[in-house]
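S.K.: A structural model of the following input is requested.
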Amino acid sequence: MCGIVGVLSFKESPFQVTESYLVRMRDAMSHRGPDGVLKYILKRAVRGIIPDEIIDRQKQGFGVPVYEWLFSKLGSRIQQELTRFCRETQFFDHGEIMRRINGKMGPQMWYLLNFVLWWREFIVGRDGHGN
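M.R.: Residues are numbered from 1 along each chain as shown. Below is the predicted model:
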């Protein structure tokens with residue numbers, strides 16, 4: 001699932017939702033109206049509340065503030081995570097990782113951090129030993 005349904009179904013979500021609610025929301029969010037417009041029901045429900053120019057605009061993503069995160073308070077935490085991963089797995093050359101961090105290669109570090117966190121969660125497991 002993606003979008004708001006993905007957020008609401010995330011295992012540590014602060015929202016208390018049921019599986020049936022998620023199914024209904026997914027169905028409403030993916031329903032195409034008579035003119036083929038996605039999210040027809042949702043758009044119809046909020047028309048008059050949210051300005052039409054927002055409802056009818058083209059789909060757009062949002063930028064992740066990678067540089068602000070990587071080169072401020074989170075920078076040292078990210079460096080620790082990547083260093084630990086290099087030491088434990090030897091997948092990546094630590095010197096090259098440090099060169100990229102020092103070269104302020106934000107998007108590459110963001111992708112690597114996401115890989116490291118994914119690896120820890122789904123390959124190694126929560127306790128760090130595959131359990």
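
S.K.: what packs against the longest helix seen in the chain?
M.R.: In the chain, with assignment by DSSP state H, the single longest helix is helix 73-89. For helix 73-89, the packing partners by 3 or more CB pairs under 8 Å, 6 or more residues apart in numbering; DSSP states H and E come out as helix 66-70, helix 94-102, helix 106-118. To be clear about C-beta, it is placed using only N, CA and C from the backbone, and glycine gets the same treatment.

S.K.: Domain map for this protein?
M.R.: 3-55, 66-124 (automatic domain parsing).

S.K.: Need these in a markdown table (columns: mean neighbour count).
M.R.: As requested, the domains of the chain are exported to a markdown table (neighbours: other CB atoms under 10 Å):
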| stretch | mean neighbour count |
| --- | --- |
| domain 3-55 | 12 |
| domain 66-124 | 14 |
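
S.K.: hey, least reliable of the ones you listed by pLDDT?
M.R.: Least confident of the domains of the chain, judged by mean pLDDT, is domain 3-55 with a mean of 65.

S.K.: Which residues outside the longest helix of the chain are in contact with it?
M.R.: For helix 73-89, contacts defined as CB atoms under 8 Å, 6 or more residues apart in numbering pick out 69-70, 91-94, 97-98, 101, 109, 112-113, 116-117, 119-120.

S.K.: Can you say which two of the residues you listed are spatially most distant?
M.R.: W69 and D93 (23.3 Å; CB to CB).

S.K.: returning to that earlier point: got the helices and strands packed on helix 73-89 as TSV, with distance to F85 columns?
M.R.: Output for those, formatted as TSV (distance: least, CB to CB, whole Å):
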stretch	distance to F85
helix 66-70	15
helix 94-102	9
helix 106-118	5
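
S.K.: No further queries at this time; thank you.
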